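> Any chance you can model this:
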Amino acid sequence: MMQELLLFGALSVGLYFLLLMTVLKLPRCKSTAKLHRKTAIVTGANTGIGKTTAMDLARRGARVILACRDRGRAEAAIQEIVQETGNNQVIFMQLDLASLKSVRSFADNFLRSESRLDLLINNVDFNCLTTHRDLVLGSNSFQLFQNYSHSKLCNILFTYELAKRLQGSDVTCYSLHPGQYTSDFY
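The predicted model follows:
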C-alpha cells in the first residue's frame, strides 16, 4: 500500500512538471529592445517579479528607480542588480503605497530629481483589500488566491485608467502578473 502511494505521488509530481513545462508554460519576454536614456519606476522592486523586472530593465540600459518601502531591502536589491547588469543607474526612492503622504513625498522627490519618466511598472498589490500578513496567516488557500486575484485586478484596472489619462504623453504604464510564481513573501 505504501509503495503504491509513493508511486502515485511520484507519477503525479512528474505529470505536474510535464504539464508545467509544456502545456502551462507561457512565453517569456524575448525582447532585446535597448532602453538607454529611458527612466523607469518599478514599485515593489526589491524582491520577486518586481526585482526581476528591474534587473531586466537595468540590463537593457534603463535608469531604474526602485520604489520600495524598505530601504535596506531595496539597497540589497540594488547591489545585486548593479553587480549582475553592470548598470549603476539603479536607485532607491522611498514609497509606501499604503500612505498618501508617502506617495506625495515620492512624487515631489521624483519631480525634483528626475527630468523624465518613460516607464511606470505597477507591481505592488493594493493593501485596501487586506494586508499580506492577514492573507498568509488567517486564510485558507482558496481565500489567499481569491484575495490575491482581487488585488491584481485592482492593480490592472488602476494601470489601465492611468494609461488612458496619460495618453498622448511619452509615459507608458504596465502592471505585472507572473502567473505561477513564488516570491520571498510567500
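
> end to end, how far does stretch 62-77 reach?
One end of stretch 62-77 to the other measures 16 Å (Cα to Cα, to the nearest Å).

> What residues sit buried inside that stretch?
62-69, 73-74, 77 (16 or more other Cβ atoms under 10 Å). All C-beta spots, glycine's among them, are computed from the backbone N, C-alpha and C.

> part of a helix, is Ser31?
No. Per DSSP: H, G, I helix; E, B strand; the rest coil, Ser31 lies outside any helix segment and is coil.

> I'd like to know how far it sits from Ser149.
From Ser31 over to Ser149 the distance is 27 Å, taken as Cβ to Cβ, to the nearest Å.

> Would you reformat the buried residues of stretch 62-77 as TSV and include pLDDT?
Shown next, in TSV, are the buried residues of stretch 62-77 (pLDDT from 0 to 100):
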residue	pLDDT
Ala62	97
Arg63	97
Val64	98
Ile65	98
Leu66	97
Ala67	96
Cys68	95
Arg69	94
Arg73	96
Ala74	97
Ala77	97
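
> Those: which two are farthest apart?
Ala62 and Arg69 (22.0 Å; Cβ to Cβ).

> which intervals of this structure have sub-threshold pLDDT?
1-2, 5-6, 13-29, 126-140, 177-186 (pLDDT under 70).

> Tell me which residue lies nearest the centroid of it.
Centroid-nearest residue in the chain, with Cα atoms, centre = their mean: Gly50, separated by 2.9 Å.

> which parts of the helix or strand harbouring that residue are buried?
Per DSSP states H and E, Gly50 falls inside helix 48-59. Buried residues in helix 48-59, counting neighbours by 16+ other Cβ under 10 Å, are found at 48-58.
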